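> this is the structure alone, sequence omitted:
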């Protein structure tokens, strides 16, 4: 990024006007003008830019994100900003009416020699916009898209306005950028001896494939090779082939050697070759046999039907054809000779059923001799019929070039296909279906038909001429599908019927190329009722949060809690992932839930250079990996346990003897232990149908082939654990003399606050949601522990209990002054009062069960004696001593361990 002096020098060098410098400076100093949310089918998100040292928003990972990758790796780009302040566009509409409005471009880009606004759109979208209003968007003679009103606005400041289309994306290059991104920054360089070995091998064998280099470069790792590629110490054309397909990538010592090698290879290719070793066994393909051209008409299981140059059919056994092909007596013709079969003739072949082809073959065998003037030896077919078939054969031969077409029986087209009802009645049926049936009222078919009959009678249509109910139902069924369900029940109900749109152009693999490239996070409520391990009281159904590696389908982390999905669950599953694997996925994909838009969650991902993508709302197919895992965990584990809630789907059939609430036996701690064993051992080592191997094997293979990328390892230390603690909305608090910092209406104190330079200053803060008596403050470059003013009362109380207490107090005092301030003493007294016990008991039990889960995460064991209070363990030597000078009285012995720090949702 440019410093203030560098920016001033840049403006002076480009001789920008004062207004131009002012506008650009405003863009550089302001935050994005809006938060992007994507569309109904767009995957939006945030990209952690190393160049800009901040996250950059994108509305589509197929349009804006590829453009961001180009900016990030283009040395000519100095800075770029997403969602700059709005600009005013004015232009005449299609009916010559002047339009003026404020508009937010996607990016503002500062280059070495210029700067300007950029709008990113799809090529299809631009073509539609051009048809709708060519005065705003049009494709110029330079084959570039233009926006005249945008260009006019930018021109006054000496800048440009560019319309960027996704047709400009080099998807292979994009894929390789993503693959090498870990090595562009912060990667440890290969040792000099290792680098020299790799360079010598590449120099000795110019054009060696990447797969061969990975196999033969002794003493080096995949990380060493990918580092040299990223730093351009060895050369691969990143636009030629994906690095993930290593056998297609050719490695050279430098770019000039690669260009010379390519020119030499191309000069050796013959351009006049006639035959091709490739033969497409599809109708219409041409081949050469004994100097004659033949065209394939039909490919069967045992025979192949061909036509010679004169249109005469030739039949060959598949075994004979394969023998001639192996002997080289049959070869494919070059592309110019293919496609002899006309498109009209091919249409007849495609529409013919198996029965039609079988009958055509039978007819051809019967008239084969008849065509040569011989008499038919089969007297079961009348000669008149044979003459008719011969006539049709000759006519088809003249019209299409292939007489065989005339022998197709076309039975499917026989009969009167015209509608029997008058056109105006058919039109009325369509109108009534659209206006009466396809509405949110969801009228039944019979009622709609009744209205239709009544309208027909009023219009004078005789009763015997009114279409029947059966005909009306058929008309409704012909219109059934996604559009009809959307009109009646809405988009979510119709989502299962929404047609799939296949990507016909190669972009990037939706599940990534390697392990830890893409991870999916999602929540699900498990189908099982649980009890408290101490009291046996029913606590309800728990929530599970999974983090799944998309490429290998491996479950990286799983977390279970009674609390509804929140950013605390997200932070916990990330913490477990780092504890188990020492790293986080490069891209985290989530849905659009509020917990995934938490500032703490986004900050943690940005801090560790993880891009975040949001799936479109109510589009489950975008999380097929996670949704499939939910079903697998339910069928393989949860639905086989006592107290599972499958029967609740048929709630009217539930009796006391089969009610899951009466059959519940499992506790949260035990369930979490078995769920972890299933996820990390059973599922992990079972062959996955999409992979052909187990997730663990696929993971190990991917790490070996694509590099361990050890430079992305995250140490699981106290700093990381504190980073996963929540903070307040402001994220900081002011140190009040003799009081400390105020967090959630409670003052916290540390002796570090006695420093005169610290008093009345603002410090960053974190609080422990499961121990409201403790908080943390960032003082003089380190996190210090602070105790609440009612430490003894709040110890062991969760932040959610305090929230419930606060809410009840607000209801009690709703008629009091709006400036009523909650004091910690009020909260502590309320938590201790008999009035609050019934309301808070359930929350305390759930929190106690969650703490048992945290104990299992840290290697402990669950309470194996259901409904019996678990005896507290004796304080270990690893516990931290809280009897420091930060608190005059000695606190209780249950000290907080660093690995017990957790996240909690924001209320």
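All right, it came through fine. These numbers were taken from a predicted model, which means no experiment stands behind them.
> the helix or strand bottoming out on mean pLDDT in the chain: what's the following helix or strand?
When each helix and strand of the chain is scored by mean pLDDT, DSSP states H and E, strand 275-276 comes last, with a mean of 38. Note on strand 275-276: by DSSP states H and E, the next helix or strand toward the C-terminus is strand 286-289.
> who are the packing partners of that following strand?
Applying 3 or more CB pairs under 8 Å, 6 or more residues apart in numbering; DSSP states H and E, one finds that strand 286-289 contacts strand 292-299, strand 330-333. All C-beta atoms are positioned from the backbone trio N, CA, C, and that covers glycine.
> report the distance from it to the chain centre.
47 Å (CA atoms, centre = their mean, to the nearest Å).
> go on, stretch 315-332?
47 Å.
> pass me the low-pLDDT residue ranges in the stretch 301-450 of the chain, would you?
326-328, 331-343, 373, 376-379, 411-415 (pLDDT under 70).
> try 50 this time
Along the stretch 301-450 of the chain, the model assigns pLDDT under 50 to residues 334-340.
> just the stretch 701-850 of the chain next, same as before
803-804, 806-822, 834-835.
> how about the strands of it, start to end?
Along the stretch 701-850 of the chain, the stretches classed as strands by DSSP state E, counting those that start in this stretch are 732-734, 741-743, 746-749, 762-767, 774-779, 782-788.
> now tabulate those in TSV and tack on distance to residue 322 and mean neighbour count.
Shown next, in TSV, are these (distance: least, CB to CB, whole Å; neighbours: other CB atoms under 10 Å):
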stretch	distance to residue 322	mean neighbour count
strand 732-734	77	16
strand 741-743	79	22
strand 746-749	83	24
strand 762-767	72	20
strand 774-779	75	22
strand 782-788	74	20
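> endpoints of stretch 760-778, how far apart?
One end of stretch 760-778 to the other measures 14 Å (CA to CA, to the nearest Å).
> distance-wise, check the residue nearest to residue 371 when sequence neighbours are not counted relative to residue 345.
Ranked by CB to CB, 6 or more residues apart in numbering and with sequence neighbours excluded, the top spatial neighbour of residue 371 is residue 390, at 6.3 Å. Between residue 390 and residue 345 the distance is 19 Å, computed by CB to CB, to the nearest Å.
> what's the domain layout of this protein?
4-169, 275-412, 423-497, 518-702, 719-870+887-900 (automatic domain parsing).
> centre of the chain to the fourth one, how far?
In terms of CA atoms, centre = their mean, the gap separating the centre of domain 518-702 from the centre of its chain is 17 Å.
> quick revisit: what is the one helix or strand the residue nearest to residue 371 maps to packed up against?
Using DSSP H and E, residue 390 sits within helix 383-400. Contacts defined by 3+ CB pairs under 8 Å, 6+ apart place helix 383-400 against helix 343-351, helix 354-367.
> in it, what counts as buried?
For helix 383-400, burial by neighbour count (16 or more other CB atoms under 10 Å) applies to 386, 389, 390, 392, 393, 396, 397, 400.
> neighbouring contacts of it?
311, 342, 344-345, 348, 363, 366-367, 370-371, 376, 402-407 (CB atoms under 8 Å, 6 or more residues apart in numbering).
> what about 7 Å?
For helix 383-400, the surrounding residues in contact (CB atoms under 7 Å, 6 or more residues apart in numbering) are 311, 342, 344-345, 363, 366-367, 370-371, 376, 402-403, 405-407.
> please apply the same query to stretch 757-766.
The contact list for stretch 757-766 (CB under 7 Å, 6+ apart) reads 722, 725-728, 731-735, 737, 741, 743, 752-753, 775-779.
> return the distance of it from the chain's centre.
How far stretch 757-766 lies from its chain's middle: 41 Å, per CA atoms, centre = their mean.
> next one: stretch 35-45
12 Å.
> pull out the buried residues from it.
36, 38, 42, 43, 44, 45.
> how about those, which pair is most distant?
Maximum pairwise distance in these, criterion CB to CB, is 11.3 Å, between 36 and 43.
> just the strands in the stretch 201-350 of the chain please.
Using DSSP E, counting those that start in this stretch, the strands of the stretch 201-350 of the chain run over 208-209, 250-251, 275-276, 286-289, 292-299, 303-307, 313-317, 330-333.
> who wins for proximity to residue 85 among those strands?
strand 250-251 (46.3 Å).
> on that earlier part again, so can I have TSV of the helices and strands packed on helix 383-400 showing distance to residue 581?
Shown next, in TSV, are these (distance: least, CB to CB, whole Å):
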stretch	distance to residue 581
helix 343-351	52
helix 354-367	54
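> most tightly surrounded among the ones you listed?
Neighbour counts (mean count of other CB atoms under 10 Å) averaged over each of the helices and strands packed on helix 383-400 peak at helix 354-367, with a mean of 16.
> who are the packing partners of that helix?
Helix 354-367 sits against helix 383-400, with contacts defined as 3 or more CB pairs under 7 Å, 6 or more residues apart in numbering; DSSP states H and E.
> the helix it packs on vs helix 354-367, what angle?
Helix 383-400 runs at 110 degrees relative to helix 354-367, counting by axes from the mean of the first three to the mean of the last three CA atoms, to 10 degrees.
> quick check: next helix or strand after helix 383-400?
In N-to-C order, the element after helix 383-400 by DSSP H and E is helix 423-432.
> which helices and strands sit right next to that next one?
Using 3+ CB pairs under 7 Å, 6+ apart, helix 423-432 sits against helix 445-458.
> swap in 8 Å and give it another go.
Counting by 3+ CB pairs under 8 Å, 6+ apart, helix 423-432 packs on helix 445-458, helix 469-478.
> that helix relative to helix 469-478, how many degrees between them?
60 degrees.
> show me which residues of helix 423-432 are buried.
425, 428, 429, 432.
> which of the buried residues of helix 383-400 lies closest to residue 32?
residue 400 (62.1 Å).
> any idea how far that closest one is from residue 362?
Counting by CB to CB - residue 400 and residue 362 are separated by 20 Å.
> quick one: which of the helices and strands packed on helix 383-400 is nearest residue 319?
Among these, helix 354-367 sits nearest to residue 319 (CB to CB), with 18.6 Å.
> distance from the chain centre to the closest one, please.
51 Å.
> what does stretch 74-82 give?
Worked out by CA atoms, centre = their mean, stretch 74-82 lies 26 Å from the chain centre.
> residues making contact with that stretch?
With CB under 8 Å, 6+ apart as the criterion, stretch 74-82 contacts 1-2, 10, 27-28, 32, 36, 51-52, 56-58, 64, 68, 71, 106-113.
> quick one: residue 16 is in a helix?
No: counting by DSSP: H, G, I helix; E, B strand; the rest coil, one finds residue 16 to be coil, located in no helix.
> from the contacts of stretch 74-82, list just the buried residues.
For the contacts of stretch 74-82, buried by 16+ other CB under 10 Å: 10, 27-28, 32, 36, 51-52, 56-58, 64, 68, 71, 106-111.
> narrow those to those in helices?
10, 27, 28, 64, 68, 71 (DSSP state H).
> tell me which two of those sit farthest apart.
Maximum pairwise distance in these, criterion CB to CB, is 25.2 Å, between 10 and 64.
> residue contacts, residue 526?
541, 542, 543, 544, 560, 634, 638, 671.
> kindly indicate which of those residues lies nearest residue 253.
For these, the nearest to residue 253 is residue 544 (51.8 Å; CB to CB).
> which SS state does the closest one fall under?
Per three-state DSSP, residue 544 ends up strand.
> and it, what pLDDT?
With respect to pLDDT, residue 544 has a value of 93.
> what do you get for the one 4 residues further on?
With respect to pLDDT, residue 548 has a value of 93.
> and it, that's in a helix?
No: using three-state DSSP, the assignment for residue 548 is strand, not a helix.
> ignoring the adjacent residues along the chain, who's closest to it?
Residue 548 sits nearest to residue 520 (CB to CB, 6+ apart), 4.9 Å away.
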